[in-house]
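Undergrad: Next one to model:
(one chain, ligands or ions: 2)
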Amino acid sequence: MHALFEIPPVQPASSARRPPGSDPDELLRGLNAQQRAAVVHAGSPLLIVAGAGSGKTRVLTHRIAYLLAARDVTPGQIMAITFTNKAAGEMRERVAGLVGPRGRRMWVSTFHSACVRILRAEHEHAGLKSTFSIYDADDSRRLMQLVARELDLDPKRYPARSLAAQVSNLKNELVDESTFTARASGPAERALAEAYSSYQQRLRQAHALDFDDLIMTTVRLLQTFPDVAEHYHRRFRHILVDEYQDTNHAQYVLIKELVGRSPEAPSDLDDVAASAPELLADGAPLGPAELCVVGDADQSIYAFRGATIRNIMEFERDFPDAETILLEQNYRSTQTILNAANRVIERNSERKPKNLWSDSGPGEKIVGYVADNEHDEADWVAKEIDRLVDDEGYKPADVAVFYRTNAQSRVFEDIFIRFGVPYKVVGGVRFYERKEVRDALAYLRAIANPDDVVSVRRILNTPRRGIGERAEACVDALASKENISFGAALERAGEAVGISSRAVKGIGDFTTIMAEVRQMAATEPPEDVLEAVLARSGYLAELEESDDPQDAGRVENLQELVSVAREYTERIQRAAAAGDADEDAGPDPEIEETPSLAGFLEQVALVADADEIPDDDGEQSGVVTMMTLHTAKGLEFPVVFLTGMEDGVFPHMRSMGDKRELEEERRLAYVGITRARQRLYISRAVTRSAWGQPQYNPESRFVPELPSELIDWKRTADAYTSWTRGGVGRGESAQYRGPSSALTNGPKSQALAGKLGLDPKLVGAASEMRQVPSLSPGDRVNHDRHGLGRVVAVQGSGPRAQAQIDFGDQTMWIVLRHAPIQKL
Ligand SMILES: Nc1ncnc2c1ncn2[C@@H]1O[C@H](COP(=O)(O)OP(=O)(O)OP(=O)(O)O)[C@@H](O)[C@H]1O
Ligand SMILES: [Mg+2]
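TA: Residues are numbered from 1 along each chain as shown. Ligands and ions are numbered 1, 2, ... in the order given. Presented below is the predicted three-dimensional model:
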């Protein structure tokens, strides 16, 4: 690897009349030597690898501004990829001030948004309707459920969720259904292959793409149609990618396709110039686009979604003429926080050593706290936030509380509400996941795309119109018989065999309303269409007439959705007006000029978790942000609380037996620590309830990896004085005594059975085996439902014991406490 260390000379300030920030010298002045080298680098592919907070994202932003200010690049030639829409918005905004309305032509977006834009523009090549629907994870699961039922797959052995996840993995590896079918072996793979094929067929019928399809279809489009690839290749001369360590294989291939091949020999260029001079229009060379990617292998935390560090580790092999630049100065955190982060991450194997340093001084010590239980932990966090605000001049908006899983937020919410700490939860049950919002969007999607089977079926009988499951099945049968879509079959419901006249009338009402509103959608903006359909369908009236207080909240959420649509319309109109003022840019077919239902649905479909982070409102003191560690990537906060630092919580129980997964958890810890600018807090609870029972969690193994001299413990486990008095010391776990049998056989255990999807009868059986069987790898077992199996691995002990068991056709992790299992 060779690093670039030449320091580009800073030119004396020239024309002072440039708008601020568009002066190249000024752009470079706020950067260190390596950052500057990255910003001005021209030609070969460029990889910037650097630790957290070293200014990678800042370099990308400045590089874009520099390209526009100093290198005669036009905004339309730039494509920048960020991990969230929020990050894209920030980057666009920062650059926009520099270039005015021309900035519209720059693509700054997530991979998914970029692909949607390409697919909308090229829908004919891709064999899609221009109004195709986008299915999110929940829609895919619903569709997979239909498929699994149709194929008569045993839902216990082949849960739809798992099938959908496996299909997603295959798509991330660019393995399509026919390739997989050809190579599938064994009953489990063959079942998956069948489900995959049938799922794809259903998607095609519904004119829908799932999230992973967006990428895979775009890759195939570019590979299959050289003229389409050429068009984008000619258009995008600069491709920039943030958070490159979290790209998966499909995204990586997409980047390669967009960048294009190595430079052609000059004679080829001459040939092109003679035969197709338009390809050389604007003087754009036909060589590969300039590629600049930034990332940090230590922050790769999406392996479970198919992200592969390989993409960053082997960048130089894949792009042989690539340059690499390292950044080592951290501008975000104190040296104490950095030292802690460095010491944790250095335990991982297979990493290139690097040492971040900061010149912002040692700062405050890390503060640690051991709570009796999760309520005590939240209580302490709330009081400490109060103190920071009252005594140290911090605002609530300066503070973030991180946890490993979404479910941990509830206790914090309860206590923050009681203490009056203003907060916002990012992720969790999000606005767009609420039932009424999904129903309303399903109406809109069914209007935009009548073939969208998942959406149509979702709202067909919501509100009730007397269309039961039986009627649906009759329509489905008609659709199969006539080989038409479900939506088309609804129009001919009267012909369906066995359908009741009541259902035919209900379906008639439904299709009439939909047809009317569909006509309206051709000319009216999405907010009016939404209001019309909510009123015409009776959906809103039903909520308004309800006595359930929750329904009032649902009406508010629908009002909010109408506002979201209105904002969308206004944004498009504003942008179009700004574009009209831009003389040198003609119409751009890849940019929306008028608001449309499809455009609105596209925007909504692509909203990611991180987009709900509140913007800094400047005036007010804002709210505390709560989120999972995964969502925290790329962000920074003056004060960070890392909570639930317990083995089994973080690192997550699932990952504890596997070295690679454990290393991914450690990278997550590194991400968490490095979000903090000035203050870092770590906390854990000695007991934490799970499924209504107390669990005793030992200290997270990541805590002793932090240098002890950097931590100021406000309370240790020695102070733990609950009913297991004396049983728990710091770093050791208490003996688990087991719940009383009243608990395990009472109504609670039946509720638990429901939560776990278990047959309640089996819980009784399992509770008789309160003594969790002690298993070791190699043991043979019998499971009431899965039959005979062999233990592959074991982790945890007492109530947390889990075993990985190979049942022949499948291998699964089983929590022994709940399992009807006997050792043979
Ligand atoms: N040369 C610099 N001078 C002053 N501040 C800087 C400089 N470079 C970066 N910063 C600031 O340091 C902080 C971290 O920068 P940035 O977010 O770009 O880092 P990053 O490498 O992208 O971090 P992460 O790996 O967490 O995504 C930001 O507040 C940024 O404005
Ligand atoms: Mg960044």
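
Undergrad: right, and residue 110 touches residue 80 too?
TA: No. Residue 110 is beyond contact range of residue 80, at 10.3 Å (criterion: CB atoms under 8 Å). Glycine gets a C-beta too; all of them are placed from N, C-alpha and C.

Undergrad: Which secondary structure elements does the longest helix seen in the chain sit against?
TA: The longest helix of the chain (DSSP state H) is helix 549-580. Packing partners of helix 549-580 (3 or more CB pairs under 8 Å, 6 or more residues apart in numbering; DSSP states H and E): helix 435-448, helix 526-536, helix 539-545, helix 597-605.

Undergrad: where does the chain come near ligand 2, residue by residue?
TA: Counting by CB under 5 Å from the ion, the chain comes close to ligand 2 at 56, 57, 634.

Undergrad: Which single residue in the stretch 651-800 of the chain comes nearest to ligand 1?
TA: Here the stretch 651-800 of the chain gets closest to ligand 1 at one residue, residue 674, 6.0 Å apart by CB to the nearest ligand atom.

Undergrad: again with the stretch 251-400 of the chain
TA: residue 331 (3.3 Å).

Undergrad: Which of the three states applies to that residue?
TA: coil (DSSP: H, G, I helix; E, B strand; the rest coil).

Undergrad: and the closest residue to ligand 2 within the stretch 551-700 of the chain, what does it touch?
TA: Among residues of the stretch 551-700 of the chain, the one nearest ligand 2 by CB to the ion turns out to be residue 634. It sits 4.5 Å away. Residues in contact with residue 634 (CB atoms under 8 Å, 6 or more residues apart in numbering) are 57, 83, 84, 87, 242, 243, 610.

Undergrad: how does this structure divide into domains?
TA: 24-123+216-327, 133-206, 335-426+613-719, 432-605, 741-823 (automatic domain parsing).

Undergrad: tell me which residues in the longest helix of the chain are buried?
TA: Going by neighbour count (16 or more other CB atoms under 10 Å), the buried part of helix 549-580 is 554, 557, 558, 561, 562, 564, 565, 566, 568, 569, 572, 579.

Undergrad: Could you dump those into CSV and include pLDDT and distance to residue 513?
TA: Listed next are these as CSV, based on pLDDT from 0 to 100; distance: CB to CB, whole Å:
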residue, pLDDT, distance to residue 513
554, 83, 20
557, 81, 22
558, 88, 17
561, 86, 19
562, 88, 18
564, 81, 23
565, 89, 19
566, 88, 22
568, 88, 23
569, 91, 23
572, 87, 27
579, 64, 36
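
Undergrad: can you tell me which two in those are farthest apart?
TA: Spanning the widest gap among the buried residues of helix 549-580 are 554 and 579, at 37.8 Å by CB to CB.

Undergrad: For the chain, which residues are neighbours of ligand 1?
TA: Within the chain, the positions near ligand 1 by CB under 6 Å from any ligand atom are 30-32, 35, 50, 52-58, 296, 299, 331-332, 634, 636.

Undergrad: Next up, the contacts around the residue of the stretch 301-450 of the chain found nearest ligand 2.
TA: Closest residue of the stretch 301-450 of the chain to ligand 2, CB to the ion: residue 332 (9.7 Å). Contact partners of residue 332, counting by CB under 8 Å, 6+ apart, are 52, 53, 358, 636, 674, 677.

Undergrad: May I have stretch 328-338 as CSV, with CA atoms only?
TA: Taking C-alpha atoms only, stretch 328-338 is exported to CSV below (Å, rounded to 0.1, in the frame of the first residue of the first chain):
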residue,chain,number,x,y,z
GLU,A,328,-5.0,9.5,11.7
GLN,A,329,-6.0,12.6,13.5
ASN,A,330,-9.3,12.5,15.1
TYR,A,331,-11.2,15.8,15.4
ARG,A,332,-14.2,14.5,17.3
SER,A,333,-13.3,13.0,20.7
THR,A,334,-11.0,13.6,23.7
GLN,A,335,-7.9,11.5,24.0
THR,A,336,-9.5,9.5,26.9
ILE,A,337,-12.4,8.4,24.7
LEU,A,338,-10.0,7.6,21.8
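
Undergrad: and that stretch, what's its mean pLDDT?
TA: If you average the pLDDT over stretch 328-338, you get 95.

Undergrad: surely the residue of the stretch 651-800 of the chain closest to ligand 1 meets residue 339?
TA: No. Residue 674 lies out of contact with residue 339 (CB under 8 Å); the separation is 11.4 Å.

Undergrad: More neighbours: those two, which one.
TA: residue 674 (31 against 21; other CB atoms under 10 Å).

Undergrad: circling back: residue 238: which of the buried residues of helix 549-580 is nearest?
TA: Of all the buried residues of helix 549-580, residue 238 sits closest to residue 579, with 21.2 Å by CB to CB.

Undergrad: that older thread, same list, the helices and strands packed on helix 549-580, but as a markdown table with mean pLDDT and mean neighbour count please.
TA: Listed next are the helices and strands packed on helix 549-580 as a markdown table, based on pLDDT from 0 to 100; neighbours: other CB atoms under 10 Å:
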| stretch | mean pLDDT | mean neighbour count |
| --- | --- | --- |
| helix 435-448 | 94 | 22 |
| helix 526-536 | 93 | 21 |
| helix 539-545 | 90 | 15 |
| helix 597-605 | 88 | 22 |
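
Undergrad: So residue 292 lies in a strand, does it not?
TA: Yes. Counting by three-state DSSP, residue 292 falls inside a strand.

Undergrad: Could you pull out the strands in the stretch 401-550 of the chain for me?
TA: 423-425 (DSSP state E, counting those that start in this stretch).

Undergrad: where are the low-confidence patches of it?
TA: 427-430, 549 (pLDDT under 70).

Undergrad: Just grab the bridge partners of the closest residue to ligand 1 within it for me.
TA: Closest contact between the stretch 401-550 of the chain and ligand 1, by CB to the nearest ligand atom, is at residue 402 (13.6 Å). Beta bridges link residue 402 to residue 627, residue 642, judged by DSSP bridges.
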